[in-house]
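Participant: Okay, predicted coordinates and the sequence, questions at the end:
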Amino acid sequence: MTETNEFRRLKALAKRYARANRIAQHQALDLIAGELGFRNWVKLISASKKGWQTDTEQMARVEAFVMSPLPAATILKGDSEAMNRRFAYLEQAEHGMIGDHTYRLQEILGDVIIAGEGWSIRVSENPGAIPIVETYTDPEADCPVLDPEFRQKALKVARDWAVRVRAEISTDWPRRSTKPDLNGVVRHPLGRGKSAVWFCLHCDGKITGAQIAENLWHCPGCGASPLDIFDTAFWSDDRGESFLPVKANEAVGQDQPDFQIVDGRPKLDLTEEKIILLIRTALLDDASNISEKLGALLAEISTDDENGVWIELEVDLWPEKKDPVQALAVSQLLGLEAEIISSSSTIPFAWPGLGEIATSTSEYTQMMLDAYAQYGGLPNRKAKE
């Protein structure tokens, strides 16, 4: 590799590193020089003029450095020892152990999840969102993530990996999406123009270009995604003039952010909508022909405040003397007292008896179409002009 190509490669790596970590390129050049044993980029250039060149091992080390981006706060402090510790930690991060407990680490749609037996931690793509610690075991059971020391170690693994994920996102975006110009102007990563002021569709917040770039285009106020960030408040009568500025999230960039612990065990919330879904499914179990299936689908089902469920069945589709055995059984399991009512109203298709002899929906449909055709009742299928 010639000297010209060497420095072209180093500059390209510094540019990638600057974009990934949202820092100035001269800072990235100095960090690259530090990896090669120089105080800054100027010292490296001076040495190169005296004949110094990189070897294969040094170039490999720089490439590894660039592929493992770090939080900007750590970079700007220039703590090389801390950076090296983080690199060593990240290399073992996908699967590993914390004490006697194993964990797995994965990235899903920009979020980083570290999980073990009975627990998980989610670190959002949004740098301003606090990590969510979930437990899935009985509160009296021994869950390692409830131990403060273990939890901090697990959070560190997840946060370090989230830095890498965010860096990859930043690298894919235009440079001006993560680094404001001198006037604070940034470019929306989804191609929605350039501006120094941005607006959130959800919280009606006014956001500076520096704020939105630092927060990876998530609203610093409510956490809305880049899809909900616009350069004009088109939904507002005054185009956002009355919107208040969104306050910067002080947690962004901190090495020890807050977290929220939640009980992640499944909890049954029996809303009326869910009860109706179960009762209707049971009615379909009870149905023995096409007409009764139509009756189950069209049944009017409602609940009341006294643990009662009302099931109103169309008499032309559901035999008045047929008890919906499965629906009654489901009601009993849910602690509800069922009331079955027969009614007569307009049904969707004439000749409901066809559904009692048809063996399938396709057969019923053909029989129904033939019957309508016999009486000249088929619709005109010509395309509307």
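Facilitator: That came in fine, so what should we check first? Everything quoted here is computed from the prediction, not taken from an experiment.

Participant: When you work out contacts or count neighbours from here on, use the C-alpha atoms and nothing else.
Facilitator: Will do.

Participant: Would you mind measuring from Phe7 to Ala33?
Facilitator: 11 Å (CA to CA, to the nearest Å).

Participant: likewise Glu306?
Facilitator: Glu306 sits 75 Å away from Ala33, going by CA to CA.

Participant: neighbour-wise, which of the two wins?
Facilitator: Using other CA atoms under 10 Å, the more surrounded residue of Glu306 and Ala33 is Ala33, with 21 against 8.

Participant: from what I can see that one touches Leu44, true?
Facilitator: Yes: contact criterion CA atoms under 8 Å: Ala33 and Leu44 qualify, at 6.2 Å.

Participant: show me where the stretch 51-200 of the chain has strands.
Facilitator: All strands of the stretch 51-200 of the chain, identified by DSSP state E, counting those that start in this stretch, fall at 95-98, 101-108, 111-116, 119-123, 132-135, 186-187, 194-195, 197-200.

Participant: Any buried residues in the top helix by length along the chain, and which?
Facilitator: Identified as the longest helix of the chain according to DSSP state H is helix 148-172. For helix 148-172, the neighbour count (16 or more other CA atoms under 10 Å) marks 151, 154-171 as buried.

Participant: What's the mean pLDDT across that helix?
Facilitator: Across helix 148-172, pLDDT averages out at 89.

Participant: Which strands or helices does it pack on?
Facilitator: helix 3-21, helix 80-90, strand 95-98, strand 111-116, strand 119-123 (3 or more CA pairs under 8 Å, 6 or more residues apart in numbering; DSSP states H and E).

Participant: Of the ones you listed, which shows the lowest average pLDDT?
Facilitator: When these are ranked by mean pLDDT, helix 80-90 comes last with a mean of 49.

Participant: Taking the centroid of this protein, which residue is nearest it?
Facilitator: In the chain, the C-alpha nearest the mean C-alpha coordinate belongs to Leu109, at 5.7 Å (CA atoms, centre = their mean).

Participant: Endpoints of stretch 202-211, how far apart?
Facilitator: Using CA to CA, the two ends of stretch 202-211 sit 17 Å apart.

Participant: before we move on, what about stretch 203-212?
Facilitator: End-to-end span of stretch 203-212 (CA to CA): 14 Å.

Participant: Same check on stretch 347-364?
Facilitator: Chord length of stretch 347-364, first to last residue, is 15 Å (CA to CA).

Participant: Show me what the mean pLDDT comes to for it.
Facilitator: On average, stretch 347-364 scores 93.

Participant: what about it, distance to the chain center?
Facilitator: Between the centre of stretch 347-364 and the centre of its chain there are 45 Å (CA atoms, centre = their mean, to the nearest Å).

Participant: repeat for stretch 114-128
Facilitator: 12 Å.

Participant: Show me which residues of that stretch are buried.
Facilitator: Residues of stretch 114-128 classed as buried by neighbour count (16+ other CA under 10 Å): 114-116, 118-128.

Participant: hmm, who's touching it?
Facilitator: 101-106, 110-113, 129-137, 143-145, 154-155, 157-159, 162, 165-166, 215-216, 218, 220, 223, 249, 251-253 (CA atoms under 8 Å, 6 or more residues apart in numbering).

Participant: quick one: the helices in the chain?
Facilitator: So, for the chain - with DSSP H - the helices run 3-21, 25-35, 41-49, 56-66, 72-77, 80-90, 148-172, 175-178, 209-214, 272-286, 290-298, 325-333, 354-357, 361-374.

Participant: I'm done for today, thanks for sticking with me.
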